[in-house]
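Q: need coordinates for the following:
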Amino acid sequence: MLLSQSTRSVGALFTRWRWFASLSSLPLPLSNSSPAATPACPPDGLPSGRAETVWIVPLQEHPWYDHVRLKRVFVTDGTRHQVVLVDTRKLLVCADRDNTDYVLKPVAEWHSGKVRGIREFLDPESERIPQMPYVTISMRRAPGLLGWLGLEREGVVAFRNGQHRARYLADAGARWCPVEVHEREAALLREVCGAADDARTAIRSIPPAGDKGV
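A: Okay, here's the model as predicted:
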C-alpha cells in the first residue's frame, strides 16, 4: 500500500514537471516587440500626431536672444480657456494690485541665479517650449473718493502660473504677450489689458501642420 502511494506521488510529480517544461519552451511576448504595440509618446505628453500652435514673442531689449516661443497651457479638446494678447505693461500694473502676497519684485531685484534660470528656461534654442502665463482677472473699486462712490473701478490680475516669465519678458522688452484665461474672463481681460491692434503683426503664431491657424 505504501509503495503504491509513493509510486503514484512520484508519477504525479513527473507529470507536473513535464507540463512546466513544456510551458518554458513556449516563446515569451516582448514588451517592445512592435512599434505599433507601444506608440511613442511625443514631447510634453501629447498624443501621437498632435501638434500645437506656437506664439513667437519678440524681445526689444535682450542681448541673449531676440524672441521667445510660448504655447498654450490648456490643450485638451473642448477647453474653456482662451488666448488673449495683452499689453505687458497694463498686465503688470493690474498684477501689482493683487493682495494675495504673491506679487514678485522687479527683475532688477531678483537673485542672479533666478534671472539666469528663467533666461535659460525661455531660451528659444531649448527643445521644450514654455507655456504662456495663465491668469485670472477681476474688478474692484478704485481707491479714492470716486472709487468709494462706486464711480471708478480697476482691474486686478492674479497669476495662476507664469508670473516670473511674464515679468522677465516685460523687462526684456516684450511689449505684448499672449496669456491664457478662462473664457468667462476673456472679454474683461481684453478690455482692461488688451494689446494694441498692431500686436497681431508683431507676435506671430505658428499653427500646427495642416492648420491655417489665426
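
Q: tell me the secondary structure at residue 92.
A: helix (DSSP: H, G, I helix; E, B strand; the rest coil).

Q: who touches residue 102 in this structure?
A: Counting by CB atoms under 8 Å, 6 or more residues apart in numbering, residue 102 touches 158-159, 163. Any C-beta I mention is one placed from the backbone N, CA and C, and that applies to glycine too.

Q: with adjacent residues omitted, what lies nearest to residue 156?
A: In this structure, residue 156 finds its nearest non-sequential neighbour in residue 97, 4.7 Å apart by CB to CB, 6 or more residues apart in numbering.

Q: most neighbours among the contacts of residue 102, please name it.
A: residue 159 (22 neighbours; other CB atoms under 10 Å).

Q: direction included, what does the helix or strand hosting it pair against?
A: Element membership of residue 159 [criterion: DSSP states H and E] is strand 153-161. Here strand 153-161 is paired, per DSSP bridges, with strand 134-141 (antiparallel).

Q: give me the neighbour count for residue 65.
A: Using other CB under 10 Å, residue 65 is surrounded by 13 other residues.

Q: that one is in contact with residue 59, isn't it?
A: Yes: contact criterion CB atoms under 8 Å: residue 65 and residue 59 qualify, at 7.1 Å.

Q: need the residues touching each of these two.
A: Here residue 65 and residue 59 have no joint contacts, going by CB under 8 Å, 6+ apart.

Q: the residue nearest to residue 156: neighbour count?
A: 16.

Q: tell me if it really is in a strand.
A: No: per three-state DSSP, residue 97 lies outside any strand segment and is coil.

Q: coming back round to it: nearest to residue 172, of the contacts of residue 102?
A: The closest of those to residue 172 turns out to be residue 163 (CB to CB; 14.9 Å).

Q: so the residue lying closest to the closest one once chain neighbours are set aside is in which element?
A: Computed as CB to CB, 6+ apart, the closest residue to residue 163 that is not its neighbour in sequence is residue 104, at 5.6 Å. Under DSSP H and E, no helix or strand contains residue 104.
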